[in-house]
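Participant: take this sequence and fold it.
(2 chains)
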Amino acid sequence: MQDATGAVVAFEHVTKRYPGADAPAVNDLSLEIPAGEICVLVGPSGCGKTTSMKMVNRLIEPTSGRITIDGEDVMGLPAVELRRRIGYVIQQVGLFPHQTIGENVAVVPGLLRWSRERIRERTDELLELVGLPPGEYRDRYPSELSGGERQRVGVARALAADPPVMLMDEPFGAVDPIRRERLQNEFLRLQQQVRKTIIFVTHDVDEAIKMGDRIAILQRGGILAQYDSPAAILANPASEFVERFVGADRGLKRLSLARVRDLDPIPAITVRAGEDRAEVRRRLDRVDELEYALLVDGEDRPLGWIDQHDLQGSGPIDPEAATPGAPTLEPESTLRDALSTMLGSSVQLGVVVDERGRVVGLVSVDAIGDRLRAPVRGADGELQEVGGDVAAAS
Amino acid sequence: MTIGPVDVDWIVDNLDRIGGLVIEHLYLTGIAMGIGLVISAGLALLVRNRPRWYGPIIGFTGTLYAIPSLALFALLTPLTGIGTVLTAEIALVSYTLLILTRNMVEGLRAVPSEAIEAAQGMGYTATQRLLRVELPLALPIILAGVRIAAVTTIGLVTVTALIGLGGLGYLIVTIGTQRGSFGLTATLTGVVLAVGLAVIADLALQALQRALTPWSRGRMAAA
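Facilitator: All right, here's what the predicted structure looks like:
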């Protein structure tokens, strides 16, 4: 993957007024999105977030004002050419059911008349990038894929011609919460590699806090209520509307600002089926903070917990005795997601796993609690008091 | 030689003539389908751009469809002549329009809106979108209409025997009603061949549909 970077996207006094409507859908919107950042447009329905996004690739044209990409007015190009330079991902994905996965990914390169070999190479590279082995997926049809897989193909398709800017309209809205979390984490990992400028629309504040380098909160009538980093918005809501929209649990929401990778994991005591019980018991006794050993498979993926009781006597460990359901956390998971996952399981330890699901270490609910009390660094690098008196900050 | 009521000698003696009638039958059907497809495509595109026209167009083609074929030939004959291909085709084409136009319009309407939005957002021109996204996705419904229209037309061509054409209808109506031992044989031959043609056309179009839409072949989502 080449080191592609995004472009600066700027809205300058953009207004959209639909004929016959009393109020504008977007009202004098001005904001600048730095290159390579994710800007989340969030707000209640009717706030003009989708309209604002669609004006960037001219699916909707502004009534007044202008939008520029790296200083160039989007109205200066034919709409069709402009759109081929901007990645586009929608909630229902919109893969073409009559085309194979490979053909779907190759749409924009095809429109740009790339050579056949170049398209083939690029398609395989992208499928690899989103974790779908091309040999297995290239020639299948969308109807043969799961919702999550289709969503990844949608992202690969949007990245195909390496556009500096991507528009994403509630891209993870149609998948269940568990898969959504995973897709979000995957996408954040991907973004660290591709560094596109992304305009991301959602109605979900938690998703906005998790995904956004910056968040633009819009209110009804297309008025920009606040545009800032998630940390700054949580610490310092600009208005009563923002405060209400962000919700009463702002203290808890700040857990979404930190990730599992920000914690120091406790090394896990991993065991495999057939290991000697007494030996494992000795290893477990040496560590005060752990009461459980973690049973893993041949690839170091977690299977379940082994406690002192399972280790009594001698002989090999019985994998059937393990308590299943070790909650797994990805380094990109927010502490908030991590906490809710861990609280839902019997053993309140989370297993941090890498991309392949292999055990990296453990985190405890206590460690997250400590984090709540400590200051965290916001996205803008400024120290933010977390868990302190929220009202005092506003 | 006869087998039951069938005079096999007559069939053998008239094989060339029967073959010629089969070709005439296919020729009349082919022209009707070809012209019907072109007109229906035009009407469907009109409806795509001006949805309000759908009602009137379906009303009109529906009325054409409802006119009894016999009556239509009687009405047309003074204008376009008896026994002319033109007279026959005006009637045959008229009967294809309702089914073809309706299935084309419904086929285009059934294209998932998110596929259209994605196509637009990725920079397809309007024509590219129609040809590469909407038309292929509408194909199963369009071809289902083509199958019905083709089978109907093959049946209707026999009726044109009444104005002196008819393809296999000539065997059924014209020769079949003559006196003589071979009358019934001719009728049966015509009926069997006409039905055979309809079945073959239907199967061939079904095979074409499968070949053109490999993506729609009863695949289940692996979700």
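Participant: now do the SS call for the one residue in chain A that gets nearest to chain B.
Facilitator: Using C-beta to the nearest C-beta, the closest approach of chain A to chain B is made by residue A:94 at 3.1 Å. For every residue, glycine as well, the C-beta is placed using N, CA and C. State at residue A:94, reduced to three classes by DSSP: H, G, I helix; E, B strand; the rest coil: coil.
Participant: tell me the contacts of the closest residue to residue B:173 other than its chain neighbours?
Facilitator: Spatial nearest neighbour of residue B:173, excluding adjacent residues (C-beta to C-beta, 6 or more residues apart in numbering or on different chains): residue B:161 at 3.9 Å. Going by C-beta atoms under 8 Å, 6 or more residues apart in numbering or on different chains, residue B:161 touches B:167, B:169, B:170, B:172, B:173, B:174.
Participant: count of neighbours near the second one?
Facilitator: Yep, that's residue B:169 we're talking about. Neighbour count for residue B:169, taken as other C-beta atoms under 10 Å in any protein chain shown: 25.
Participant: by mean pLDDT, flag the weakest helix or strand of chain B.
Facilitator: strand B:2-3 (a mean of 77; mean pLDDT, DSSP states H and E).
Participant: what lines up beside it in the sheet?
Facilitator: Taking DSSP bridges as the criterion, strand B:2-3 sits next to strand B:6-7 (antiparallel) in its sheet.
Participant: following element in sequence after the partner strand, please.
Facilitator: With elements assigned by DSSP states H and E, the helix or strand that comes after strand B:6-7 is helix B:8-13.
Participant: spell out which parts of chain B neighbour chain A.
Facilitator: B:112, B:114-115, B:117-125, B:128, B:133, B:136-137, B:213-216, B:219-223 (C-beta under 8 Å from any C-beta of the partner chain).
Participant: could you tell me which of those residues belong to helices?
Facilitator: Counted as lying in helices by DSSP state H, out of those, are B:114, B:115, B:117, B:118, B:119, B:120, B:121, B:128, B:136, B:137.
Participant: could you dump those to JSON lines with distance to residue A:230, neighbour count and pLDDT?
Facilitator: JSON lines is the format used below for these (distance: C-beta to C-beta, whole Å; neighbours: other C-beta atoms under 10 Å in any protein chain shown; pLDDT from 0 to 100):
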{"residue": "B:114", "distance to residue A:230": "29", "neighbour count": "15", "pLDDT": "92"}
{"residue": "B:115", "distance to residue A:230": "34", "neighbour count": "22", "pLDDT": "94"}
{"residue": "B:117", "distance to residue A:230": "29", "neighbour count": "18", "pLDDT": "93"}
{"residue": "B:118", "distance to residue A:230": "29", "neighbour count": "26", "pLDDT": "94"}
{"residue": "B:119", "distance to residue A:230": "34", "neighbour count": "24", "pLDDT": "95"}
{"residue": "B:120", "distance to residue A:230": "32", "neighbour count": "20", "pLDDT": "94"}
{"residue": "B:121", "distance to residue A:230": "27", "neighbour count": "22", "pLDDT": "94"}
{"residue": "B:128", "distance to residue A:230": "40", "neighbour count": "14", "pLDDT": "95"}
{"residue": "B:136", "distance to residue A:230": "43", "neighbour count": "18", "pLDDT": "95"}
{"residue": "B:137", "distance to residue A:230": "40", "neighbour count": "23", "pLDDT": "95"}
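Participant: check those and tell me the two furthest apart.
Facilitator: The two members of those with the most space between them (C-beta to C-beta) are B:121 and B:136, at 18.5 Å.
Participant: contact partners for the residue lying closest to residue A:338 once chain neighbours are set aside?
Facilitator: Computed as C-beta to C-beta, 6+ apart, the closest residue to residue A:338 that is not its neighbour in sequence is residue A:329, at 4.9 Å. Contact partners of residue A:329, counting by C-beta under 8 Å, 6+ apart, are A:260, A:337, A:338, A:341, A:342, A:350, A:351, A:352, A:353, A:363.
Participant: residue B:65 contacts residue B:93, doesn't it?
Facilitator: No: contact criterion C-beta atoms under 8 Å: residue B:65 and residue B:93 do not qualify, at 11.5 Å.
Participant: so which of those two has more stuff around it?
Facilitator: residue B:93 (22 against 15).
Participant: and residue 124, how many residues sit next to it?
Facilitator: I went with chain A, as the question did not name one. There are 17 residues near residue A:124, going by other C-beta under 10 Å.
Participant: meant chain B, my bad for not saying
Facilitator: 23.
Participant: just confirm residue A:99 is within a strand.
Facilitator: No: applying three-state DSSP, one finds residue A:99 to be coil, outside a strand.
Participant: list the contacts for the nearest residue to residue A:27 once chain neighbours are set aside?
Facilitator: The shortest distance from residue A:27 to any non-neighbouring residue, by C-beta to C-beta, 6+ apart, is to residue A:222 (4.5 Å). Listed by C-beta under 8 Å, 6+ apart, the contact set of residue A:222 reads A:15, A:16, A:24, A:25, A:26, A:27, A:29, A:47, A:48, A:51, A:52.
Participant: and stretch A:261-268, what's buried?
Facilitator: Buried residues in stretch A:261-268, defined by neighbour count with 16 or more other C-beta atoms under 10 Å in any protein chain shown: A:263, A:265, A:266, A:268.
Participant: got the confidence number for the closest residue to residue B:159 other than its chain neighbours?
Facilitator: Once flanking residues are discounted, residue B:159 sits nearest to residue B:69: 4.9 Å by C-beta to C-beta, 6+ apart. With respect to pLDDT, residue B:69 scores 85.
Participant: who's in contact with residue B:69?
Facilitator: Per C-beta under 8 Å, 6+ apart, neighbours of residue B:69: B:91, B:95, B:156, B:159.
Participant: likewise residue B:150?
Facilitator: Here residue B:150 is in contact with B:29, B:33, B:198, B:201, B:202, B:205 (criterion: C-beta under 8 Å, 6+ apart).
Participant: try residue B:49
Facilitator: Applying C-beta under 8 Å, 6+ apart, no residues qualify as near residue B:49.
Participant: got it, and residue B:135?
Facilitator: Residue B:135 sits in contact with residue B:108, where contact means C-beta under 8 Å, 6+ apart.
Participant: can you check residue A:26 too?
Facilitator: Counting by C-beta under 8 Å, 6+ apart, residue A:26 has contacts A:14, A:15, A:16, A:48, A:51, A:52, A:55, A:62, A:222.
Participant: which strands or helices does whatever helix or strand the second one lives in pack on?
Facilitator: Looking back up the chat, that one is residue A:15. In the assignment (DSSP H and E), residue A:15 maps to strand A:9-16. In this structure, strand A:9-16 makes packing contacts with strand A:26-33, helix A:49-56, strand A:64-69, judged by 3 or more C-beta pairs under 8 Å, 6 or more residues apart in numbering or on different chains; DSSP states H and E.
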